[in-house]
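**Q** sequence and predicted structure are below.
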Amino acid sequence: MADRTLPQVFKYVDDNAETFKKLLKEAVAIPSVSCDVKYRNDCVRMVEWMQEKLKEVGATTELRDVGYQTIDEKEVKLPPVLVGVLGNDPLKQTICIYGHLDVQPALKSDGWDTEPFELVERDGKLFGRGSTDDKGPVLGWVHAINAYKAVGEELPVNLKFVLECMEESGSEGLDALLLEKLKPEGFFKDVDYVCISDNYWLGTTKPCITYGLRGISYYFLEIQCAQMDLHSGVYGGTVHEAMTDLIYLMNELVDKNGKILIDGIYDSVAPLTDNEKKLYTNIDFDTDGYRKSIGAPKLAHNGDKEQILMHRWRFPSLSLHGIEGAAFQPGAKTVIPGKVIGKFSIRIVPNQEPEEVEKLVFDFVNKKWAARKSPNKMRITAQSGRAWTENPDHPHYQAAARATRMIYLTEPDMSREGGSIPVTITLQEASGRNVLLLPMGAGDDMAHSQNEKINVRNYIEGIKLFAAYFHEVSKLPKPSK
Ligand SMILES: C[C@H](N)C(=O)N[C@@H](Cc1c[nH]cn1)C(=O)O
Ligand SMILES: [Zn+2]
Ligand SMILES: [Zn+2]
């Protein structure tokens, strides 16, 4: 079938590139920002928009309710999860595809060159929030299915979809849906492989297949010194300021070289074996290009390639993200904030369990707080997702490598990813199947940042990659139960 079908599918993809861009433009125009409740209706609208796209390719779909989240002691409804099924031929392999439809916040005033929710094509790049993370890749799957249909060929695999709109906010409600509802209902019974396209190549030219993710443990550290903000000329010098306490605590967490100062945090990190160490030598990675692409004066670890990769993939890191309630807008505001919330996270790694990390962080912050002897109120809360690794020697990875070679005419690197997709390990456990990450975008796509983009080439060749991946997986033997 490959001889005749795939060239036709690829030609259809090339011939319809403009339509695919137009659909991405529509998706990007829906500001489905999951971390801000004021966009909650847009998140729901985004899921419904995608439901239509799945229906149009013939999938049966359901919007599954996942309950509520608590924000400032109020219950807020979570966006539904879109579950889809396309095909149930027992002779075909069944792939479960996961992706997310929510995005990180973005404002033009953050420093974007164009409106973030308006997809703009410039110099072979499609700029817009969600273009690479993760609306482009999710749409890529739909376009690949459409291409098979359009050339009059049957899809060579059955597909199951799990598409959520809360990934950027800890995937609230999703684990419970998968483990307590979909699994008991038999959703995973016929699943043979799981595939996710929600990460990026390591560099800008060489494709990757990814077999590991760091987890994330995200903290909100709240200090309150007064019921309201105060004039610093009237109250300055008379109160114990919340911001001063917060900066003190946040400064105790990590040193200037990125070493995490929380007692015991490195104790459970998986030891580095000689075999693993060797893997980093062969990875194609231009550290200086990486440094220049972000405009950093110097990288940590003296820019040593192996160290940089290990600290992205297999060692934990702690980042300070921001302070809610601080006067961050331009101008010389002279307020003493009454309440501030410091936000930081730790990217956690194999063998670190979220509960253990959370306990270490709480104990450390409580110890520092007690030593500070501040009269203010302090509260710390966390939300966490686990790290994940997979066996990249599995036939599933070999199939994805063959598909990649077919499209990019080069051997993909087997990479890990420093970011997190909290549901990956749940899908691995719920299905008992091999899970693979097949990135569409390039390493300089700037997901979460200003001017997020996907290269037109990555988007269009990525659609072909997904079509080729379906073909290669269809030739695999059924995995043993
Ligand atoms: C790798 C993936 N595309 C991604 O961006 N994941 C987020 C997940 C997350 C968890 N809490 C907040 N966001 C990430 O790694 O930051
Ligand atoms: Zn993201
Ligand atoms: Zn993502």
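**A** Great, that's in hand. Ligands and ions are numbered 1, 2, ... in the order given.

**Q** return the residues in contact with V365.
**A** By C-beta atoms under 8 Å, 6 or more residues apart in numbering, the contact set of V365 is 221, 249, 378, 380. Where C-beta positions appear, they are placed from N, C-alpha and C, glycine not excepted.

**Q** no wait, D198
**A** Contacts of D198 by C-beta under 8 Å, 6+ apart are 98-100, 133-134, 137, 167, 421, 437, 439.

**Q** surely A226 touches V340?
**A** No - taking C-beta atoms under 8 Å as the definition, A226 is not a contact partner of V340, at 11.1 Å.

**Q** let me see the confidence value for the spatially most central residue of the chain.
**A** In the chain, the centroid-proximal residue (C-alpha atoms, centre = their mean) is I421; its distance is 4.8 Å. You'll see I421 listed with a pLDDT of 96.

**Q** most widely separated two among the contacts of V365?
**A** Distance extremes for the contacts of V365: the farthest pair is L249 and I380 at 9.0 Å, using C-beta to C-beta.

**Q** find residues that contact each of those two.
**A** 221, 365.

**Q** what sits against the nearest residue to G87 once chain neighbours are set aside?
**A** Take G87 and drop its neighbours on the chain: the residue closest to it by C-beta to C-beta, 6 or more residues apart in numbering is N158, 3.8 Å away. Residues near N158 by C-beta under 8 Å, 6+ apart: 85-89, 92-95, 190.

**Q** buried ones among those residues?
**A** Neighbour counting with 16 or more other C-beta atoms under 10 Å marks 85-87, 92-95, 190 as buried within the contacts of N158.

**Q** quick one: which two of the contacts of N158 are the most distant?
**A** For those, the maximum inter-member distance is 14.2 Å, found between V85 and Q93 (C-beta to C-beta).

**Q** which helix or which strand is home to I262?
**A** Under DSSP states H and E, no helix or strand contains I262.

**Q** let's have the contacts of D198 in TSV, adding secondary structure and distance to V194.
**A** Listed next are the contacts of D198 as TSV, based on DSSP: H, G, I helix; E, B strand; the rest coil; distance: C-beta to C-beta, whole Å:
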residue	secondary structure	distance to V194
Y98	strand	7
G99	strand	12
H100	strand	15
D133	coil	19
D134	coil	15
P137	helix	15
E167	helix	15
I421	coil	11
L437	strand	10
P439	coil	15
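
**Q** what does the stretch 101-250 of the chain put close to ligand 1?
**A** Residues of the stretch 101-250 of the chain lying near ligand 1 by C-beta under 6 Å from any ligand atom: 133-134, 167-168, 170, 198-199, 216, 218.

**Q** on that earlier part again, which of the contacts of N158 lies closest to ligand 1?
**A** When the contacts of N158 are compared for distance to ligand 1 (C-beta to the nearest ligand atom), I95 wins out at 19.4 Å.

**Q** over to the closest one. Which of the three states is it?
**A** Put simply, I95 is strand when judged by DSSP: H, G, I helix; E, B strand; the rest coil.

**Q** pLDDT score for it?
**A** Residue-level confidence at I95 comes out at 98, pLDDT.

**Q** from L6, how far out is it?
**A** Distance of I95 to L6, given as C-beta to C-beta, to the nearest Å: 17 Å.

**Q** S232 now?
**A** Counting by C-beta to C-beta, the separation of S232 from L6 is 67 Å.

**Q** who has more neighbours, these two?
**A** Between S232 and L6, counted using other C-beta atoms under 10 Å, the more crowded position is L6 (23 against 14).

**Q** ok, the helix or strand containing V340: who's next to it in the sheet?
**A** According to DSSP H and E, V340 maps onto strand 339-348. Strands adjacent to strand 339-348 in the sheet, as given by DSSP bridges, are strand 215-224 (antiparallel), strand 317-324 (antiparallel).
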